[in-house]
Structure formats: structure tokens, C-alpha cells
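Engineer: Provided below for reference: sequence and predicted model.
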Amino acid sequence: MGKNPVLAIIGGGASGLVGGIFAKRILRDKGKVIIIERMDRIGKKILATGNGRCNFTNINMSVEDFYGENPYFAQYALNDFGVRDTIEFFEKLGIYPKEEENGKMYPYSGQASSVLDVLRYELQKLGVEIVTDFDVKSVKRTQIGFKIISLSGKSINADRVIVASGGKASPNLGSNGSGFDILRDLGHRVTKVTPALVQLKTEKDIVKGLKGIKFVGNVKMFSDNKFIGEEYGEVLFTDYGLSGPPIFRLSALYAIHKKCSVLLDFIPCLSKKDVFDLLNERKKNLCHLTMESFFTGLFNKRIGNAVARKSGIEKLSFPVSCLNKEIIWDISENIKEFYFDIIGQNGFNNAQVTAGGVCTGEFNDKTMESLKVKGLYACGEVLDIFGNCGGFNLQWAWSSGRLAGKSAAESLIMR
């Protein structure tokens, strides 16, 4: 092996940091590991995950929770360094895990900063060099390796390079899509990229009167009238459409299928017939009221008003005593299947992850090395892999970053 080989990792996010740790553990004093970050500090996006609490993995992990041209590309990395490995890795660094709903794992401290801190401590202990404020413009092949050039003209030479620069989601936290350009210039294909795990836009005339209201219920998504997914949880109405955990999870499907609609179920514990019977009983008991007050105690008054209007009742002064079975059935249907066409989604500034990325068919899934450029690796969100909401994307970052770091370091040891 030559003198002082250098492994450079472009991107100081989740995959890059873990890649640096595993690479240096292998190289020890036989090689140098440099993490290059365009922001003024590493790990900014980690701090924002899990609403600042860092949902760092999910015990229900499966490759079925991932998307891309070939989501099964992720299988080997996820098996090689799975959920239990991740929990053990972080426990040894000081993170005591806490399991919450739907298999989500958080640090017991409830602070995303804890996860970033322990990664930084380990990088420092191992002697990994961190270079910040270095915005990579290009990576050039040289006779002996690679030359990494910044926008300001600075350069770093390396024997191996891992591109861990993320996608385009949350550019204010570091990911601006530059990794796509770097890998494209090196001969790789980049699939169409769109925001994912993001709020969805609907017709504004329906939601504008519901802004700020939350409800817990069921959401079903359809593409060209074909059922494609269903989620349960707290939904938030906004001035542009829908938000909340179920919407974020279903937005992954919208990123793939596009032409979509959703049905909201405001009372998922009852069937449509049960709701019909309930409303008939309410009519008997509340016949002295108008529709403006008919839903009081059942769900939010403004939701009730929207359901009434969607059922053909234009004036809320309509007497409850005048409800007939046909109108009550229409109301029951709209309570169980409140329909929205999805007309778009919020952009990358609001998205948690990027759908699409660098073509995985051009990388070795057992090493994360490029099949086109020897000594070049990629991991994390820059590749055409993304997962559902709930810790899946961070697990992909840990797994793929670890595999890329380990493989690149081993290739330096064996050369």
C-alpha cells in the first residue's frame, strides 16, 4: 500500500458521518479519512429529524418500505447492517434507545443533538478530519485517484471518494443536489428527482375554511381510481391542502404515481351504515337545531360544516328536522369518504427526502462502488432509494454509509 492513502467523503450528513467512522476503524493509522461539508458544520439535517428528536431507526424495517427504480438494491446493505446492529452501534456510543409507536426508535434523551454529538465524539476520537465550508464543484479523475475542487478553487486529492451529499430536500440544511451533478459529470445517470415525504396540495376552496384543524382518522390514496395505499393518524388541514404523518407517508406514493386522489375517513371506527344509523338517531334527538350545530360533539364544527356543504346543504340554517334519508346517506358517505384531488405537493424546502437520484443499477450493491468509475462510491439519499416516514431513511443512511465506508477502506488496505 502507498504512503498515506486518503479516503474523502463528500457530505457530512448521516451516511457520510457513519461511513467515516467505519472507514477509519478499518484504516486506523494506515490511511486518512476526510469528511468534506459545504455548510459551516456537519450533521445539520440530523438535528431536524423526528421533529428534533431523531427517529433514528424502526424495528419494523423491511425493504418493502423503500422506493426507487430498484428498491431491492437496498436489501444487502440493510441486511448487512440492520436495525439491531444500528441500535447496538449507537448504544456503544452512548445512545440509550427508546421505542415508541409503530416501531420508531428514539434516543431516550429525546434530543436529535444527542445522536449528532455521539457521532462527532467518535469521529474526533478516531482522528477523522472534518473540512467545512468546502462547497464541491467537481470531482476529477487523476492518474492516481481523484481531485476534489471547490467553488472557490481549493482542492483535495484522494485515492478513494464516497459521495454522500444527500438529495435536494431541505437545502437550507445542506442538501442542494450538488451530488447529482458530481456523479453525472463522472458518467452516471440521474433519474427524475421530486420532493417526497412532504405536504400535499388540494383544491383550496375546500380546505381554506379548515386551516389549522387537526383530526385523527384514516386516509386512503388512489391513482387513476386504483387503491394504492392507506394510513391512519393525525391529519392537519392547511391553507394549501393536507399535512400530518399519514399525509407524509402517503406522499411517498404520490412521488411515484403522481395522478392521485385521497379519501378522508373522519370516523374510522364506524362503518358507513353505522354512521348512517348514528346520524338518524342524532336527527331524532336534535331536531330543534339547524345544521350549523348538528355535528357539535361529534367532530370539529368546521369539519361538520364542510361535510354538510359537500352533501348539498348550502345554508347552515337548514333545519335538522328537514333531513331525509337520502341527505343523511350523502352525509354519511362524505364523513367516511371525504374526497380530494391531489393537485401537487410542497417543494424541496419542505420535503424530508428526495424521490429519485443516481441510478442504482450503476453501483455494486455489495460494496456501494461505482461500476463505471473504480474507487468511486456513493451512499444515502444521493442514490435512487428513499423510504417511508418513520426512521426508514436514516436506517438507509446508516446502512449504506457504513457499507460504503467499510468497502472503500478495505480496498485501500488490499491495494
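Structural biologist: Right, received. Where do you want to start?
Engineer: which strand in the chain runs the most residues?
Structural biologist: Using DSSP state E, we find that the single longest strand of the chain is strand 226-237.
Engineer: for that strand, packing partners?
Structural biologist: With contacts taken as 3 or more CB pairs under 8 Å, 6 or more residues apart in numbering; DSSP states H and E, strand 226-237 sits against strand 214-223, strand 241-243, helix 245-257. The C-beta positions use only the backbone N, C-alpha and C, and glycine is treated the same way.
Engineer: can you show me the strands along the stretch 251-400 of the chain?
Structural biologist: 260-265, 338-341, 344-345, 353-355, 376-378, 386-387 (DSSP state E, counting those that start in this stretch).
Engineer: so which of those strands is nearest residue 47?
Structural biologist: Nearest to residue 47 among the strands of the stretch 251-400 of the chain is strand 353-355; the distance by CB to CB comes to 15.9 Å.
Engineer: what ranges of this protein fall below the confidence cut-off?
Structural biologist: Counting by pLDDT under 70, the chain has low-confidence residues at 1-2.
Engineer: how does it divide up, domain by domain?
Structural biologist: For the chain, automatic domain parsing gives the domain ranges 6-191+357-414, 199-346.
Engineer: deepest of those domains, which one?
Structural biologist: Compared across those, domain 6-191+357-414 shows the largest average neighbour count, a mean of 21 (mean count of other CB atoms under 10 Å).
Engineer: between the two ends of that one, how far is it?
Structural biologist: For domain 6-191+357-414, the first and last residues are 14 Å from each other (CA to CA, to the nearest Å).
Engineer: repeat that for stretch 27-46.
Structural biologist: The first and last residues of stretch 27-46 sit 26 Å apart, counting by CA to CA.
Engineer: mind listing the strands for the stretch 1-150 of the chain?
Structural biologist: 6-10, 32-36, 57-58, 66-67, 97-99, 104-107, 129-131, 136-141, 146-150.
Engineer: can you give me the helices for the stretch 251-400 of the chain?
Structural biologist: In the stretch 251-400 of the chain, the helices defined using DSSP state H, counting those that start in this stretch lie at 272-285, 291-294, 301-310, 325-336, 392-414.
Engineer: how about the CA coordinates for stretch 169-184, as PDB?
Structural biologist: The C-alpha trace of stretch 169-184 is given here as PDB (Å, rounded to 0.1, in the frame of the first residue of the first chain):
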ATOM      1  CA  ALA A 169     -34.600  18.000   0.300                       C
ATOM      2  CA  SER A 170     -34.100  20.700   2.900                       C
ATOM      3  CA  PRO A 171     -31.400  22.600   1.000                       C
ATOM      4  CA  ASN A 172     -31.000  25.000   4.000                       C
ATOM      5  CA  LEU A 173     -29.700  22.100   6.000                       C
ATOM      6  CA  GLY A 174     -27.100  21.100   3.400                       C
ATOM      7  CA  SER A 175     -28.600  19.000   0.600                       C
ATOM      8  CA  ASN A 176     -28.800  21.100  -2.600                       C
ATOM      9  CA  GLY A 177     -28.500  18.400  -5.200                       C
ATOM     10  CA  SER A 178     -24.800  19.000  -6.000                       C
ATOM     11  CA  GLY A 179     -24.000  15.300  -5.600                       C
ATOM     12  CA  PHE A 180     -26.200  14.600  -8.600                       C
ATOM     13  CA  ASP A 181     -24.100  16.900 -10.800                       C
ATOM     14  CA  ILE A 182     -20.900  15.500  -9.400                       C
ATOM     15  CA  LEU A 183     -21.900  11.900 -10.300                       C
ATOM     16  CA  ARG A 184     -23.500  12.900 -13.600                       C
END
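Engineer: returning to what we had before: could the strands of the stretch 251-400 of the chain go into TSV alongside distance to residue 68?
Structural biologist: Below are these laid out as TSV (distance: least, CB to CB, whole Å):
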stretch	distance to residue 68
strand 260-265	19
strand 338-341	26
strand 344-345	18
strand 353-355	8
strand 376-378	13
strand 386-387	7
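Engineer: those strands: which one's closest to residue 188?
Structural biologist: strand 376-378 (8.2 Å).
Engineer: what helices or strands is the closest one leaning on?
Structural biologist: strand 160-163, helix 392-414.
Engineer: rebuild these as JSON lines, extending it with distance to residue 316.
Structural biologist: Converted to JSON lines, the helices and strands packed on strand 376-378 look like this (distance: least, CB to CB, whole Å):
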{"stretch": "strand 160-163", "distance to residue 316": "58"}
{"stretch": "helix 392-414", "distance to residue 316": "44"}
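Engineer: and of the ones you listed, who's closest to residue 108?
Structural biologist: Closest among the helices and strands packed on strand 376-378, using CB to CB: helix 392-414, at 16.7 Å.
Engineer: any idea of the angle the closest one forms with strand 6-10?
Structural biologist: 160 degrees (axes from the mean of the first three to the mean of the last three CA atoms, to 10 degrees).
Engineer: hang on, the earlier thing: and the helices and strands packed on strand 376-378: which comes nearest residue 278?
Structural biologist: Taking those one by one with CB to CB, helix 392-414 is closest: 37.7 Å.
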